[in-house]
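> Sequence and predicted structure are below.
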Amino acid sequence: MVFLACLATYPVVTNIGNTLIGSPEGDSYEMVWLIWWLKKTLFNPSLMVSTIPLLFHPDGLILSLLNTQIGAHLLALPFAVTYGPVAAYNIAMIISLALSGVTAYFLGLYLTGSRLASLVCGLVWAFFPNKMGHALSGHLYQVAVFWLPLYVLSLLRALNRPTIRSGVIVGVFAILVASVHMVHLAYFLLPVTILMVASDWKKNRSKYWSRNRLVVFGISLAVFSVFVYVAYFPVLKQVTSGEMEYMPVTGLVGFSVDLLSFFLPAPNNPIAIAFPNLRDLSGAVNVTFNESIAYLGIVPIMLALLAVYNNYRHLVRWLVLGATTMVLSLGPLLKVGGRVIETQIDNITSPIILPYALLANLPFFEWSRTPARLHATTHLVLAILVAYGAAILIDKFKVKWHKLTITLLLIAVIFLEYLVVFPFPLTGTESRKVHAAVKTESGAILPLPVTNSSATEALFGQTINEQPIIGGRLFRDMPKHNMIQRFLQEIVFETGETKGDIIRLPTNTERRDVLRHYDANWITYHNLDGSVGLQRPEGLDALLGPPIAIDDKIALFTRVDDFDTSSRLDMVYTLGSNWHPVENWNNTPTRWFYGNGEIFVYSALDRQAMLNMTLIPELELHVVAVKVNGELVVEISAGDWLEFQTPTFPLVAGLNLVELVDVTGPRAYVGDLRCAGGTTLSGAFVVKTECDSGVSDTRMISLGVQDLEIVSAHPLVPKQGQFAKNISLLNSYWQTELNAGSPLRLTLYWSADEKMRTSWTNFVHVRGPDNQLVSGIDQQPMVGGFPTDKWSPGQVVAYTIVVPIPEDAITGKYTIDVGWYQWPSLERMAVESEMLSSQNNLLTLGEFTIR
């Protein structure tokens, strides 16, 4: 088996200490880091596996989930001590493949009594395509599944002869299976145990629950429960506290098995390559090179059918287990030939829902976006059926060397069928010399850009230089944990040139001071596309100078130390994600955000602050929630191109995250928005902007932002009026002088104080010099686009009302009144004001002059 494992992963055996099994797009670097970290915690009593101070510097990371996934890496530990983590990872991969064959051999031998048939069983389990696909991805925990056959073997023995010893052994093997990866608990231990115990109970229902069996089950459960409590209880605590909210992810459909994948070899299998049409079809079906490969093999299927044909009743429990996991591995929706199959009933088209959809949102199941990993259990069942079928076939030959010949032939054909690629892809370690240069001086490493590839490369680098990383990644992206890294990316990538933007850009001195504050002594820039040569952002060299070490994949910079030590860092902010490039609106830099516009704010001390900005609406209304460090400050409904100031909010010393969250959701817009010239919510913009009518690009947009500034808190201007307990008028403004016939543009800033269950009509009256009504307008807010029953308590709603002024209006002073009434009763909302005069439930705002 070792020889076949080396052959399947060839050519790694020729350079086992300098290359890694698996594609460069996979997780090999992460697996090497896990081996290195386990070794480091073993020899340093002050460190714990789940507490990692060297990632996400300076905060560190606590990840209790690591304690549940060290089983496979323990296998590599002795080799890591002797040969280092790179060789240890490769050796662990090869040994895991070989041991899988050995343990499946013993299971097959127990079931069939045939040594030759058990060899075929071992081969099927050692090298089945889904496992080798995971080897392509560097998933050691999906390759190190050699404990699974031993759990089945121990459970069979315990069911046949229930003793205390057998109960303990079952519990121990359950622990060993669950210690490799938690997915094996849900996708293997649970279905295997339930179906095997159920089938055993069915054979002898009346006398099944004997004292011996209850003791065995109790001991097994007790032994396993100790591990679950120690390993999983800390995980549960982190889950309930919200610390692991990044674990549930999307991708269930993509990482499910396509029905055709069971019958198609991997796209790069030597047989598939020989038939281009077969290869193309397999490529369309197996959309991921690891998870979705589920080929059963022609010869294994034929052997399994032979077994079922000759001994159906004896194999029913295996058929039920295999069919169950096979259906579940298809995921929540049926896919055939690379597309989701839909059905139409009464003019309603919907996808075909499969049983896994019922499991998808259960605790822990929601963390796994990979139903295809259930295929491991399916394939273990297939290996068992192959053992039975091979035993029947081999027994038909009476001569010993004939038996051996047919066995070797079966092994050779199945091995060829199961190859996913040959030679096996490898991940290089050429960047070692760059990472080794960091050893010359202590300090944190900032890997850029913030991508999965740079994070995993930095993990590999840490196994060499052992310096803390600002950022990181384990199992999933961790947006909340890498906020400092994303902030520093914006700090470093800015060109440092004086150019227009919606914020004041930090100076080079401020940028360097921020890097010094976070101890970012080293910055690595990683190639994004793998092409030869590094194309670095313009601001990188300008800030840090040329790299001190470089290869085709990575460049290493050191922080420049000629800082102005007299400077004192106070407040620096940069834009984060989801901002479009700068545009010119009325000679003012403008950016549109979509969905969730981020602003990173570094503050040297705790303070109270306010956010000033100008918002530009698109054609439809978008409600924006302003959040600071996750806490809602205010919601704003901008119906016109207007200035806004938020209420006071706290900034903590260090890094803060300000978010402009589009509550309504971004909308796709085609073309240049400046050409629209206004909005349906308040009419045409007063200012005309140049636009490019030839633009036909589609982009997601929420609101435009100008002049964004964070200022120290100061007392707010008192509100102008209070309408009942429902609405406050915060501010208003209009033209102070008009020509007769020109419309009055009255901008009103309201605050919703309580939830209103009915719609109120906003009205404006204009009285002339003789105090008589000259003009007015009645309308729902934003021309009916945002009635008051949709306002939320605390929300700021601002819009402009255009009031026509007669062309024959005489010169003089005119007065503006505003109020609310309800239709059809015409009952007005009561109003009070300490700043302005009010009567008859009308609030008098002020005057303007007609010339």
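Yes, it's here. Computed from a predicted model, the values in this text were never measured in an experiment. Residues are numbered from 1 along each chain as shown.
> Please make it C-alpha for all contacts and neighbour counts, starting now.
OK.
> Isn't Ile21 up against Ser28?
Yes - the criterion here is C-alpha atoms under 8 Å, and Ile21 meets it with Ser28 at 7.1 Å.
> what's the overlap in contacts for those two?
138, 427 (C-alpha atoms under 8 Å, 6 or more residues apart in numbering).
> who has more neighbours, the two?
Per other C-alpha atoms under 10 Å, whichever of Ile21 and Ser28 has more neighbours is Ile21, with 32 against 29.
> Quick check: the closest residue to Ala144 other than its chain neighbours vs Phe188, distance?
Leaving aside its sequence neighbours, Ala144 sits nearest to Ser96 (C-alpha to C-alpha, 6 or more residues apart in numbering; 4.8 Å). Separation of Ser96 from Phe188 (C-alpha to C-alpha, to the nearest Å) stands at 18 Å.
> for the residue nearest to Val652 when sequence neighbours are not counted, what are its contacts?
Of all residues beyond its chain neighbours, the one nearest Val652 is Asp606 (4.4 Å), with distances taken as C-alpha to C-alpha, 6+ apart. By C-alpha under 8 Å, 6+ apart, the contact list for Asp606 reads 650-653.
> which one of Ser96 and Phe188 has more residues nearby?
Neighbours were counted for Ser96 and for Phe188 using other C-alpha under 10 Å; Ser96 has more, 26 against 23.
> helix or strand for the more buried one, which one?
helix 85-112 (DSSP states H and E).
> residues of that helix that come out buried?
85-109, 111-112 (16 or more other C-alpha atoms under 10 Å).
> do the same with stretch 678-688
678-683.
> Tell me which two of those sit farthest apart.
Gly678 and Leu681 (8.5 Å; C-alpha to C-alpha).
> Which residues are in contact with each of those two?
Leu619.
> what ranges do the strands span in the stretch 451-600 of the chain?
Per DSSP state E, counting those that start in this stretch, the stretch 451-600 of the chain carries strands over the ranges 520-526, 549-550, 554-558, 571-575, 583-585, 588-593, 596-603.
> Compare those strands and say which comes out lowest on pLDDT.
Of all these, the minimum mean pLDDT falls on strand 549-550 (a mean of 86).
> Mind listing residues that contact that strand?
With C-alpha under 8 Å, 6+ apart, strand 549-550 has contacts from 434, 437, 555-557.
> So which of those residues is surrounded by the most neighbours?
Ala555 (24 neighbours).
> Now do the spatially closest residue to Leu107 that is not a sequence neighbour, the pLDDT please.
The shortest distance from Leu107 to any non-neighbouring residue, by C-alpha to C-alpha, 6+ apart, is to Leu153 (5.7 Å). Here, the pLDDT recorded for Leu153 equals 97.
> where's Leu153 relative to Asp778, distance?
Applying C-alpha to C-alpha to Leu153 and Asp778 gives a distance of 81 Å.
> quick one: average confidence on the helix holding Ser96?
Per-residue scores along helix 85-112 average to 96.
> how far out from the middle of the chain is that helix?
Put simply, helix 85-112 sits 33 Å off its chain's centre (C-alpha atoms, centre = their mean, to the nearest Å).
> Ok, stretch 589-600 next?
Worked out by C-alpha atoms, centre = their mean, stretch 589-600 lies 20 Å from the chain centre.
> how long is it end to end?
Start-to-end, stretch 589-600 (C-alpha to C-alpha) is 19 Å.
> Give me the residues contacting it.
487, 500-502, 573-584, 655-662, 665-666, 700-707.
> Buried among those? Need that as a selection in PyMOL.
This is how PyMOL selects the buried members of the contacts of stretch 589-600, with burial counted by 16+ other C-alpha under 10 Å:
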select buried, resi 487+501+502+573+574+575+576+577+579+580+582+583+584+655+656+657+658+659+660+661+662+666+700+701+702+703+704+705+706+707
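> rewinding a little: from Glu490, how far off is the residue nearest to Ala144?
Separation of Ser96 from Glu490 (C-alpha to C-alpha) stands at 43 Å.
> farthest residue from the center of the protein?
Asp770 (66.0 Å; C-alpha atoms, centre = their mean).
> and that residue, how far is that from Ile805?
In terms of C-alpha to C-alpha, Asp770 sits 15 Å off from Ile805.
> sec struct for the closest residue to Lys813 other than its chain neighbours, please.
Of all residues not flanking Lys813 in the chain, Thr849 sits nearest, at 4.7 Å (C-alpha to C-alpha, 6+ apart). Of the three states, Thr849 takes strand under DSSP: H, G, I helix; E, B strand; the rest coil.
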